[in-house]
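# What follows is a predicted structure for the sequence shown.
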Amino acid sequence: MGIPRLIAKLSNLKSVSSSTCDEDMDINWHSYDSWLEKHPSALVEFQKMIHGAERKKIVLFLDYDGTLSPIVNDPDIAFMSDKLAVFFPTSIITGRSREKVYEFVRLDNIYYAGSHGMDIMAPLQPLRIKDWKYHAKTVDRKGNKFVIYQPANKYLPEINQIQKLLKERTAAIEGVKLEDNKFCMSVHFRNVSDEDFGKLEEEVKSVLEDHPRFRLTRGKRYSRDSTTSDIEQDHSLRYLIFI
Ligand SMILES: O=P(O)(O)OC[C@H]1O[C@H](O[C@H]2O[C@H](CO)[C@@H](O)[C@H](O)[C@H]2O)[C@H](O)[C@@H](O)[C@@H]1O
């Protein structure tokens with residue numbers, strides 16, 4: 001979920017029914033309020049933000065699903081509207097695989113961070129990278145040059161093994177859709193019945209029991225597994241600002 005939507009959602013929830021939501025969603029409003037003080041909504045503090053950005057380069061970091069594209073039932077057809085133009089240097093940070101989101105967006109001069117930041121592609125231009133560990137240079141079919149950064153590469157064999165097990169153990173549950181996001185995997189349960197959901201959750205947890213370095217997190221009607229390392233979205237934000 002994009003930060004502006006998260007803020008909108010949380011602000012809305014808080015004003016509508018804070019006590020119910022506190023209980024139901026286990027939200028710590030105190031730490032959320034102190035976080036918000038340091039990171040105010042760009043819409044609420046628009047003038048302040050524009051003033052602070054004077055003579056600076058503005059960079060937008062955008063989530064893909066639910067931000068640049070609408071949420072739809074089939075994750076393979078969550079296309080972006082063709083009216084969306086790129087006005088600023090733009091990065092998309094997404095849980096999807098980098099290749100898939102590139103196919104959906106097809107813009108060459110933007111930065112893509114796939115697998116929640118574990119697979120980053122930047123246009124090849126003078127970059128500030130000093131340590132080229134986990135980096136590779138590449139050229140696409142059109143001849144565009146890019147730098148790819150994949151800090152979780154060494155986990156790929158284990159990720160592939162987890163994906164294979166998940167596929168086997170969830171095959172009999174109707175409506176499940178597994179999405180290979182390269183460095184993580186989404187288990188979609190939007191089309192799984194409430195009766196089958198418990199079974200699905202059990203199967204997914206049992207696969208991960210044998211892989212303690214990996215963890216399960218919950219999104220919008222999908223669960224994902226990824227490495228326990230801190231190579232995730234906050235890391236990729238810092239990386240993108242740095243290069
Ligand atoms: O980080 P994001 O770009 O927000 O990716 C998060 C997940 O988004 C996708 O799933 C969500 O969108 C689907 C299409 O609208 C929807 O069917 C699904 O229920 C949503 O959770 C994507 O398919 C996942 O792999 C991403 O992890």
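Cool, the structure landed.
# For the ligand, what is the nearest residue in this structure?
residue 95 (2.6 Å; C-beta to the nearest ligand atom). For every residue, glycine as well, the C-beta is placed using N, CA and C.
# neighbours around residue 129, how many?
13 (other C-beta atoms under 10 Å).
# Wait, it touches residue 135, no?
Yes: using C-beta atoms under 8 Å as the test, residue 129 is close enough to residue 135 to be in contact (6.3 Å).
# Tell me which residues touch the residue of the chain closest to the ligand, please.
65, 115, 116, 181, 184, 186, 219, 224 (C-beta atoms under 8 Å, 6 or more residues apart in numbering).
# give me that answer again for 6 Å
residue 116 (C-beta atoms under 6 Å, 6 or more residues apart in numbering).
# any idea which element it lies in?
Using DSSP states H and E, residue 95 sits in no helix or strand.
# And the pLDDT for it?
The per-residue pLDDT reported for residue 95 equals 91.
# That one and residue 72, how far apart?
Between residue 95 and residue 72 the computed distance is 15 Å (C-beta to C-beta, to the nearest Å).
# Same question for residue 196.
Residue 196 is 22 Å from residue 72, where distance means C-beta to C-beta.
# Of these two, which one has the most company?
Legend: neighbour count by other C-beta under 10 Å for residue 196 and residue 72, higher for residue 196 (16 against 13).
# shouldn't that one be in contact with residue 175?
No: Residue 196 is beyond contact range of residue 175, at 7.2 Å (criterion: C-beta atoms under 6 Å).
# re the thing from before, if I look at the residue of the chain closest to the ligand, how far off is residue 123?
Separation of residue 95 from residue 123 (C-beta to C-beta) stands at 22 Å.
# Then residue 129?
For residue 129 relative to residue 123 (C-beta to C-beta), the value is 13 Å.
# Strands of this structure, residue ranges please.
Ranges of strands within the chain are 60-62, 90-93, 111-114, 119-123, 135-139, 145-149, 177-180, 185-188, 214-218, 222-227, based on DSSP state E.
# Now do the buried residues in stretch 176-192.
Residues of stretch 176-192 classed as buried by neighbour count (16 or more other C-beta atoms under 10 Å): 176-177, 179, 181-189, 192.
# ok, it near the ligand or not?
Yes: counting by C-beta under 6 Å from any ligand atom, the ligand has neighbours in stretch 176-192: 179, 181, 186, 188, 190.
# What is the neighbour count of residue 29?
13.
# so what's residue 56 up against?
Counting by C-beta under 6 Å, 6+ apart, residue 56 has no contacts.
# what's near enough to touch residue 182?
97, 115, 119.
# Export those residues to a markdown table and append columns for distance to residue 109 and neighbour count.
Formatted as a markdown table, those follow (distance: C-beta to C-beta, whole Å; neighbours: other C-beta atoms under 10 Å):
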| residue | distance to residue 109 | neighbour count |
| --- | --- | --- |
| 97 | 20 | 22 |
| 115 | 21 | 28 |
| 119 | 18 | 27 |
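# need these in TSV with distance to residue 161, can you?
Listed next are these as TSV, based on distance: C-beta to C-beta, whole Å:
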residue	distance to residue 161
97	18
115	17
119	19
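# Just give me the closest of those residues to residue 207.
Comparing those against residue 207 with C-beta to C-beta places residue 115 closest, at 18.4 Å.
# residues in contact with the closest one?
Applying C-beta under 6 Å, 6+ apart, we find residue 115 in contact with 181, 182, 183, 184.
# count of neighbours near residue 225?
21.
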